[in-house]
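1. Coordinates for the following, if possible.
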Amino acid sequence: MRKKIVVVNTILIAFLLFLTSSNFRIASAQEIKLPEIKKEILDNGLKVIVIEHHELPVVAFRLVLKSGSAYDPAGKAGLADLTAGLLRKGTKTKDATQISEAIDFVGGSLDAGADWDATFATCRVLNKYFDTGLDLLTDIILNPTFKEDEIERLRRQTLAGIMQQKDDPGSVAEENFRKFVFGEHPYGQPREGTEESVSGITREDIVNFHKTYYVPNNAILAVVGDVKTADVLKKVKSKFGSWEKREFATPNFVQPPQIKGHQILLVDKPDLTQSYVKIGHFGIDRKSPDYFPVRVMNYILGGGGFASRLMDEVRAKRGLTYDIGCNFDSYKLKGAFEVSTYTRIDSTLGAIQAVLDQIKRIRTEKVSQKELSETQSFYDGYFPLQFETPEQIATQILNVEIYDLGEDYIKNFRKNISAVTADDILRVAQKYLDPDNIKLVVVSKAEEVKPKLESLGEVEVTSFLK
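-> Down below sits the predicted model:
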């Protein structure tokens, strides 16, 4: 189930800042040098990426289909997630139990899921079980049976999770915020779906989604580990070469309505003693030329845990919250900028005003050289940690492919972070942050909070259980 984390683990941040501010700087500043990346596109359109990584006797497979939850049809939110969840639940040759036993027998892992922009299937095995891993991965992608009993079982589990989230004010705030900002756009629906949408998904919907988007010309397979490239390509061609290529259409996405003024949604839960707050508006898409200055700016504003301004001002100085952070989505389409926090009911307005003040501040004053240097040092140490295992390498390489970030993206990541200036941050803050035209979602005790929120703008009240 979706549970968004908006504040980076503070212990990790402290550790990395230590590493990058001392004798470890020389080591961390070295270029990330990946092994040679071999790419080949099969006749059916499947792109295969092989990286020989011989440090451990393991191999990681990661197959990505470039269609995720954003491709869910109207009224069918949760379809991509449900389809991916069923891949391991039975194929033409194995039932769910046999699949689990086969991967457990070799001490490996096999999983599948969907995010907004892609569906993925992963497998990790010791290199001596390469054939077993590839066989299982191929089988669940090409031959799922989508049995009715497995569909109903997963549907019940999904609905139970959705119901459980309804008891969590933070999850309710998140779901209402996405819907409030994006409306009928796919990003306005939860990836796992709603009670209504999940209940209405049929086996035919699942089969059609699989038939439409699970095609080789929409897929990329990365194989990373203790392997030989020639052997991998030969075996992958043998297994996936007969996968039938089919053309498919990209959905037309509804454009979200523009935000004008302070638009406030108050979700009433009378028994609460705290308010759960989401503040934000549209952000950027993943390929934005301003991605790097926006990322640095976001870290300084609220993405850097205790190193951020929001944490320092709203938590440390004013004592209005225990936790606060902000985030810019990184999706193919323009995502959201979002600030998340919770506070005492009597300090709800004060916390919101403090957030808006910090957004205004970063739009009008240049960040300090200390803030900028510490942020750049963090990323200088953090980014190499994303390439320690075959699975991480496969994930990073595929992200470059999914978002078409360019061959030099990984090599130049830290260089691009280091090139960001205080002037760049001021420019992107003025361009992408707009505290005068923003949406606020507050889950709280409406009777006490509504009169205070009305000083910010018109307040729409809805029920917590609606």
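
2. low-scoring stretches of the stretch 1-150 of the chain, by residue?
-> Applying pLDDT under 70 to the stretch 1-150 of the chain flags the ranges 1-31.

3. ranges for the helices of it?
-> For the stretch 1-150 of the chain, applying DSSP state H, counting those that start in this stretch gives helices covering 10-20, 25-28, 79-85, 96-105, 130-142, 148-165.

4. So which of those helices is the most surrounded?
-> Comparing these by mean neighbour count (mean count of other CB atoms under 10 Å), helix 79-85 ranks first with a mean of 25. Where you see a C-beta, it was placed from the backbone N, CA and C, and this is true even at glycine.

5. other SSEs contacting it?
-> Here helix 79-85 touches strand 109-114, strand 119-126, helix 148-165, helix 203-213, going by 3 or more CB pairs under 8 Å, 6 or more residues apart in numbering; DSSP states H and E.

6. ok, now with 10 Å
-> Packed against helix 79-85, as judged by 3 or more CB pairs under 10 Å, 6 or more residues apart in numbering; DSSP states H and E, are the following elements: strand 109-114, strand 119-126, helix 148-165, helix 195-200, helix 203-213.

7. and the angle for the third one with helix 203-213?
-> Here the directions of helix 148-165 and helix 203-213 differ by 90 degrees (axes from the mean of the first three to the mean of the last three CA atoms, to 10 degrees).

8. could you point out which element follows helix 148-165?
-> With elements assigned by DSSP states H and E, the helix or strand that comes after helix 148-165 is helix 169-182.

9. any idea of the angle that next one forms with helix 148-165?
-> Angle of helix 169-182 versus helix 148-165, following the same axes, to 10 degrees, is 100 degrees.

10. Output helix 169-182 as PDB, nothing but the C-alphas.
-> Presented in PDB, the C-alpha positions along helix 169-182 are these (Å, rounded to 0.1, in the frame of the first residue of the first chain):
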ATOM      1  CA  PRO A 169      -5.400  10.500   8.800                       C
ATOM      2  CA  GLY A 170      -2.000  10.900   7.000                       C
ATOM      3  CA  SER A 171      -3.100   8.500   4.200                       C
ATOM      4  CA  VAL A 172      -6.500  10.200   4.000                       C
ATOM      5  CA  ALA A 173      -4.700  13.600   3.700                       C
ATOM      6  CA  GLU A 174      -2.500  12.200   0.900                       C
ATOM      7  CA  GLU A 175      -5.300  10.700  -1.100                       C
ATOM      8  CA  ASN A 176      -7.400  13.900  -0.900                       C
ATOM      9  CA  PHE A 177      -4.500  16.100  -1.800                       C
ATOM     10  CA  ARG A 178      -3.800  14.100  -5.000                       C
ATOM     11  CA  LYS A 179      -7.400  14.200  -6.000                       C
ATOM     12  CA  PHE A 180      -7.700  17.900  -5.100                       C
ATOM     13  CA  VAL A 181      -4.700  18.900  -7.200                       C
ATOM     14  CA  PHE A 182      -5.100  16.600 -10.200                       C
END
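
11. returning to that earlier point: among the helices and strands packed on helix 79-85, which is nearest residue 296?
-> strand 119-126 (28.3 Å; CB to CB).

12. Would you give the sheet partners of that closest one, along with the direction of each?
-> Under the criterion DSSP bridges, strand 119-126 sits next to strand 58-65 (antiparallel), strand 109-114 (antiparallel) in its sheet.

13. most tightly surrounded among those strands?
-> It is strand 58-65: most buried of the strands paired with strand 119-126 by mean count of other CB under 10 Å, with a mean of 24.

14. got the angle for that strand vs helix 130-142?
-> Here the directions of strand 58-65 and helix 130-142 differ by 20 degrees (the same axes, to 10 degrees).

15. where does strand 58-65 sit relative to the chain's centre, distance-wise?
-> Mean-position distance between strand 58-65 and its chain equals 18 Å (CA atoms, centre = their mean, to the nearest Å).

16. can you check stretch 96-114 too?
-> Here stretch 96-114 is found 24 Å from its chain centre; the criterion is CA atoms, centre = their mean.
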